[in-house]
Every structure is written in C-alpha cells, then in structure tokens.
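Colleague: 3D model of this:
(chains A, B and C)
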Amino acid sequence: MLENKGRPNRLGVKGWLGGGRWGFERYLYALHRLTGLALLAYFVMHIVVTSSRAFGENAWTSAMGLVKGPLFSMGEFLVFAAFAFHAVNGIRLALVELGFAIGHPIEPVYPYRTSVDEQRPLAIGVMILAAILAIVGGIGFLK
Amino acid sequence: MADHTVTSEVVFRIRRFDPTTDADPHWEDYRFPCPPGMTVLEGLKQIKESLSPTLAWRSSCRMGVCGSCGMFINGRPRLACNTQVSELESSLITVAPLPNFNIIRDLVPDLIPMFKAHAETQPYIIRDDTNEQQQPTGEYWQSAHQLEQYLQFSYCIKCGCCMAACPTYATDPVYAGPMPLAQAHRYNSDSRDGGFAARKQVLSGERGPWRCHFAGECSRVCPKGVDPARAIQLMKRQLVFDYLKLGKQKCPASIAKVPDGLKRREGIPETPPRTI
Amino acid sequence: MRDQRLWTWHIGAGAVILVLLGLHMTVMHLDAIVRIFNPAPGEPVDWANVVARSKSVFFLVTYVLLLGTALFHGFYGLRNILFELNPGAPAKKAMNGLFLVAGLVLFAIGTWAAWAGFTVARSA
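Modeller: Residues are numbered from 1 along each chain as shown, chains lettered A, B, ... in the order given. Have a look, this model is predicted:
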C-alpha cells in the first residue's frame, strides 16, 4: 500500500463560501453562519446595554442615548434582517435536518430528483417570508 | 452554436504535480482535436498517448460504475468517464484532482482517509445470529417497501465526489463525510441489520452527522443519485428520536423458513444434485 | 454521546427562541403593525414602556428563558464553527471551557439585570 501521505489539498474556509458553481442551499448555509455570528455578537452587546435598566430611568435613558443615530439605526435594521433570515431559514433547517420535507428514499432514475430538489419549494418560500419580515420590520426603522 | 458532428480543438488545462520533482502543483495546457462524443477520460488518454506520457490518473471501467475517476472538472467534482467534453460547453476544460484529499500525484487523490472513515462505521450487516450467517438455513424476510428504505443509498460507488463537494469536509478532517455517513445509514435502515447500537458508538460523537448543515452539495454532485444528504438527515432523525426515546425499537428481519406440511406440486422435477 | 445530545438541545433551543424572540421582535420592532405590551404612547424603548414590561412576572420569566436558550444556542453554534476549523485537542478543551464560562457569566448578568429591573419597576 502506498505510504505516501501526499500533498494537502483541502479547500479550507473557501470551501464554505463556494465558488459560483455551487447551489442555492450552499449559499443559504454560508449566510446562516454569517447571520448567526452577527446575531451572537450583537446579543452579547445587547445584554450589557439593556442591563442598564436595573439602575433606573437615568441610566436607561443615557444608555439609549449612546445607541441613537442613523448609523445605529442602520445597524439595528441589519440585525433585524439577520434575525428574519436566520429564524426562518432555521425553521427550514430544523424541518429538513429532522428528515421532514426531503422526501423518501427512491430508486434513483436519471435525471435524479434529490432531497435538495424536494425541499427547494420550502427554501424559496422561506426566503420570501424572510424578505417580507425584513421589509415589514424595516418600516419601523424608517421613523 | 457548437456543431456536435464536427471535430474541434479543445484545451485541457490540467493540474500537474510530480512529488519527486515539483515543489507545488501547477497548471499545464494541452491542445488537441476533440471528436464528437469524447469524454474527459478519453481526452486524458489522448494526452498521455501523444502529448505527455507522464500524466497520471485513476480509471478503470470507463462507464461510471467503478468510482475510480472522480476529478474536479470545470469547478465541479465529476466522474471523468461520465463527463462529455461537449456537455461542459467550453473549449477550455480544467481538470484538477478531487479537492479535500491529499494529492499523491497529478490527478491521483489519497482516498485512504475516506475509506478509513467508511470502515469505522461498520458498513456490513450486524446480527446476533452468527450461526445462521455462517450456515444459512433460509433467506431473511424483506418486503419491497423495506428494500426501498435503503436501496437508493446502496448504489454508492465510493468515488469521493461528495466528499470533495462538502463544505464541512473542506475544513474538518474529523467529520466523517457524506459517503461514510450515507453508507452507515444504508445499513442502519436495512431491515435485516441489528447493528444500530454498535454504530451509534461512533455516530453519536464528533464523527457523526452533527457537522452536516445541509448545504446539499453532496447530493447535487453524486453521479449515481445516491443522495447522501437525504441519508444523513434521516440518520439525524433516527439518532435524535433514539436520544429522546421516541419511536419503536425494530427487531432485525427474521428468517423466511418454508412452512411445514407443504407438498410439492405434481409434475415438477427434483433439483439436480449439488455440485459443491 | 455528547454531540448527539447537544445537537438535539440546539434544535430545541432554536424552536424556543423562535417563539420568544419572535415575541420580543414583535413588541420592539413591529409596533407599527401590531402594538402589544407597549401601554404607554411613544417608542417601545421609552422608559414608561420598559417599566411596564419589567414589572411583569411574565416578562421576567420569558426574558430569563430567552437569555438562557439564546446563549446556549449561540455559543454552541460558535463552538461548532470553530471546531470545524480543526483545532488541536488542547484548543478544543480551552474553547469548551471558555464558552461555558462566558455563557454562564452573561446569563448571570442578564438574570441579575432582569431581577433588578423587576424590583426597580415594582417599586416605582
């Protein structure tokens, strides 16, 4: 048997991002990761900022004063949009990864209809719902 | 519009790497005539015969059943024998070894880690009745519906295209990968098998399906329609229901013994004597 | 083993967060469409509305629940992403410890703030 370990050839983090030839669901996967990280970062800051309410009205008002302004508003809208996507895509992932909406094993006949094709309507529906939610939530930020 | 009856020229841009002489892999171009219907594998043979005798790759059956010739062709893992040059709709064909595996030489990947992960999942029927398996007295009952639960996953030819496409496997060698997991599920969902508890030892830990996030690329690139993504999600379902103690415990299939008291129909000749 | 259990809880936590964070987002950002739990006029982040929510036991309980599940869900996700980059065994142990500690510390801060806010609101 060949003992030669060979030259490493893993795609690395580039493999997470795809290369333009990959499918819709792979980009949803990358976006789900990105929004998850963004939401976690925001959440940690959010816990600290909103805990100011324990110190009374003045503390709360000054904390809210810190996070006012168009830049923060834009940021918070992005967080809301990230939540809309992550939540609704998360519903799809929870359903699919528990074996629903992907169809039963079938005799493969070319052209193959895979589990990815079976859940595609759900993925499209989820994206439309996320867009609607983000737009509806965005109305509040226009004020 | 490409005329599929005319021989045109094509350029194969191949990722070459000779570990004895090269420091790094590099691209090399080979231009040659491409008759209609030529596959990428035939193109490689043409190059080896007339342009570069040192080109190395794996192939065997040349008809998409052995799984040897998995390569990264025009940005997608495919079987070279199954891919016609004309279907790629380009006069530049890039051929690289399957990503996510070490390169041994030129287009030859080191598939040993995949086979090791496969062996770890115990991809064979595990039953208690070892005597029956050594000296079978009858066949095991299995309905057509039960067969359908795993048949799709049994078509795997172990080509490694799914492993090359998987985003998790791109960064994480601990993750077993779509092929070993789909094959583990092929046996877990086989009604003749009783080895779920044994395989669970491996599958409930880091080597299990938990790092699959349903990018679905494995199923999209599989040349045999095995749909490993489906197998992995069904496996997660099975493991979660097992953790939550939902769902019934299924016994492995019983032996189909011929009922007693049956008489042979008139006029049927006896079986010839055994030759072994 | 651990991964099987943790993943199941991760999905369960996701379902819980869907409901609770959905409620939170509706209260805070969808007030133009459906105004709930915002008795005082003005923005949902105005002190009057914050006090009205803080003094309710329902919000105390659901905020703490949301805090716990979201911290678990988020840190497990982060752990997953970092573990998929194939760190060495000591790094993995360190990360497990770090995320556990960070999660518990943030949970403590948030629970304290919810409780303190509850008492402040009740006494106002």
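Colleague: who touches the strand or helix carrying B:Glu28?
Modeller: Element membership of B:Glu28 [criterion: DSSP states H and E] is strand B:26-34. For strand B:26-34, contacts defined as CB atoms under 8 Å, 6 or more residues apart in numbering or on different chains pick out B:7-17, B:43, B:46-47, B:50-52, B:85, B:94. No exception for glycine: its C-beta is placed from N, CA and C like everyone else's.
Colleague: So which of those are in strands?
Modeller: When DSSP state E is applied, these are split such that B:8-16, B:94 fall in strands.
Colleague: Closest to chain C out of those residues?
Modeller: Of all these, the one with the least separation from chain C (CB to the nearest CB) is B:Arg15, at 23.7 Å.
Colleague: Now do the same contact list for the closest one.
Modeller: B:25-27, B:94-97, B:106-107.
Colleague: For ChimeraX, what selects the buried ones among the contacts of strand B:26-34?
Modeller: Selection of the buried residues among the contacts of strand B:26-34 in ChimeraX, burial being defined by 16 or more other CB atoms under 10 Å in any protein chain shown:
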select /B:10,12,14,15,16,17,43,46,47,85,94
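Colleague: Report the contact partners of the nearest residue to A:Val109 once chain neighbours are set aside.
Modeller: Using CB to CB, 6 or more residues apart in numbering or on different chains and skipping residues adjacent in sequence, the residue nearest A:Val109 is B:Gly225, 7.5 Å away. Residues near B:Gly225 by CB under 8 Å, 6+ apart: A:108-110, A:112, A:114, B:152, B:155.
Colleague: Now do the same for B:Gly225: helix, strand or coil?
Modeller: Taken by DSSP: H, G, I helix; E, B strand; the rest coil, the conformation at B:Gly225 corresponds to coil.
Colleague: can you check the one 5 residues further on too?
Modeller: Classification of B:Arg230 into helix, strand or coil gives helix, according to three-state DSSP.
Colleague: looking at it, it is touching A:Gly103, isn't it?
Modeller: Yes: taking CB atoms under 8 Å as the definition, B:Arg230 is a contact partner of A:Gly103 at 7.0 Å.
Colleague: Let me know whether the strand or helix carrying B:Phe72 sits next to chain A.
Modeller: According to DSSP H and E, B:Phe72 maps onto strand B:70-73. No: taking CB under 8 Å from any CB of the partner chain as the criterion, strand B:70-73 and chain A are apart, separated by no less than 9.5 Å.
Colleague: Need the CA coordinates for that strand. PDB is fine.
Modeller: Taking Å, rounded to 0.1, in the frame of the first residue of the first chain, the C-alpha atoms of strand B:70-73 are listed here in PDB:
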ATOM      1  CA  GLY B  70     -13.500  11.200  -9.700                       C
ATOM      2  CA  MET B  71     -11.900  14.600 -10.600                       C
ATOM      3  CA  PHE B  72     -12.500  18.300 -10.300                       C
ATOM      4  CA  ILE B  73     -13.600  19.200 -13.800                       C
END
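Colleague: Now the very next helix or strand once past it: average pLDDT?
Modeller: Counting by DSSP H and E, the element after strand B:70-73 in chain order, helix or strand, is strand B:76-79. Per-region confidence: strand B:76-79 scores 95 on mean pLDDT.
Colleague: How confident was the prediction at the closest residue to B:Val258 other than its chain neighbours?
Modeller: Leaving aside its sequence neighbours, B:Val258 sits nearest to B:Gly138 (CB to CB, 6+ apart; 7.2 Å). The confidence metric pLDDT takes the value 84 at B:Gly138.
Colleague: Okay, and the residue nearest the centre of chain A sits in which element?
Modeller: For chain A, the residue nearest the mean C-alpha position is A:His32 (2.7 Å; CA atoms, centre = their mean). Using DSSP H and E, A:His32 sits within helix A:24-50.
Colleague: and what of A:Ile139?
Modeller: helix A:120-141.
Colleague: What is the lowest-mean-pLDDT helix or strand in chain C packed up against?
Modeller: Ranked by mean pLDDT, DSSP states H and E, the weakest helix or strand in chain C is helix C:47-54, scoring a mean of 87. Applying 3 or more CB pairs under 8 Å, 6 or more residues apart in numbering or on different chains; DSSP states H and E, one finds that helix C:47-54 contacts helix A:57-66, helix C:89-123.
Colleague: Check which element follows that helix along the chain.
Modeller: Next along from helix C:47-54, by DSSP H and E: helix C:57-83.
Colleague: Is chain A within reach of that following helix?
Modeller: Yes: using CB under 8 Å from any CB, helix C:57-83 reaches chain A at C:67, C:70-71, C:74-75, C:77-78, C:81.
Colleague: So B:Gln142 is in contact with B:Ala253, correct?
Modeller: Yes: with contact defined as CB under 8 Å, B:Gln142 counts as touching B:Ala253 (5.7 Å).
Colleague: what residues are shared contacts of these two?
Modeller: With CB under 8 Å, 6+ apart, B:Gln142 and B:Ala253 have common neighbours B:191-192.
Colleague: For the residue nearest to B:Val258, the count of nearby residues, please.
Modeller: Neighbours of B:Gly138 under the rule other CB atoms under 10 Å in any protein chain shown: 11.
Colleague: likewise B:Arg76?
Modeller: Around B:Arg76 there are 18 other residues, counting by other CB under 10 Å.
Colleague: again with B:Ser86
Modeller: 17.
Colleague: distance of it from B:Phe72?
Modeller: Using CB to CB, to the nearest Å, one gets 19 Å for the distance from B:Ser86 to B:Phe72.
Colleague: cool, C:Ala70 as well?
Modeller: For C:Ala70 relative to B:Phe72 (CB to CB), the value is 40 Å.
Colleague: Look at those two and report which has more neighbours.
Modeller: C:Ala70 (26 against 23).
Colleague: residues contacting that one?
Modeller: Applying CB under 8 Å, 6+ apart, the residues near C:Ala70 are A:43, C:13, C:17, C:21.
Colleague: before we move on, the earlier item: might one say that the residue nearest to B:Val258 is in contact with B:Pro259?
Modeller: No: assessed by CB under 8 Å, B:Gly138 is found out of contact with B:Pro259, at 11.2 Å.
Colleague: what's the closest of the residues of helix C:57-83 next to chain A to chain A?
Modeller: C:Gly74 (4.1 Å).
Colleague: burial measure for that closest one, as a count.
Modeller: 23.
Colleague: For the closest residue to it other than its chain neighbours, grab the count of nearby residues.
Modeller: Using CB to CB, 6+ apart and skipping the chain neighbours, the partner closest in space to C:Gly74 is A:Leu40 (4.1 Å). As a burial measure, A:Leu40 scores 17 neighbours (other CB under 10 Å).
Colleague: list the contacts for the spatially most central residue of chain C?
Modeller: Among the residues of chain C, C:Leu67 comes closest to the average C-alpha position under CA atoms, centre = their mean, at 2.3 Å. By CB under 8 Å, 6+ apart, C:Leu67 lies in contact with A:47, C:106-107, C:110-111, C:114.
Colleague: ok, the strand holding B:Glu28: who's next to it in the sheet?
Modeller: Strand B:26-34 has the following strand partners under DSSP bridges: strand B:8-16 (antiparallel).
Colleague: Now do the strand it pairs with: distance to the chain's middle.
Modeller: How far strand B:8-16 lies from its chain's middle: 27 Å, per CA atoms, centre = their mean, to the nearest Å.
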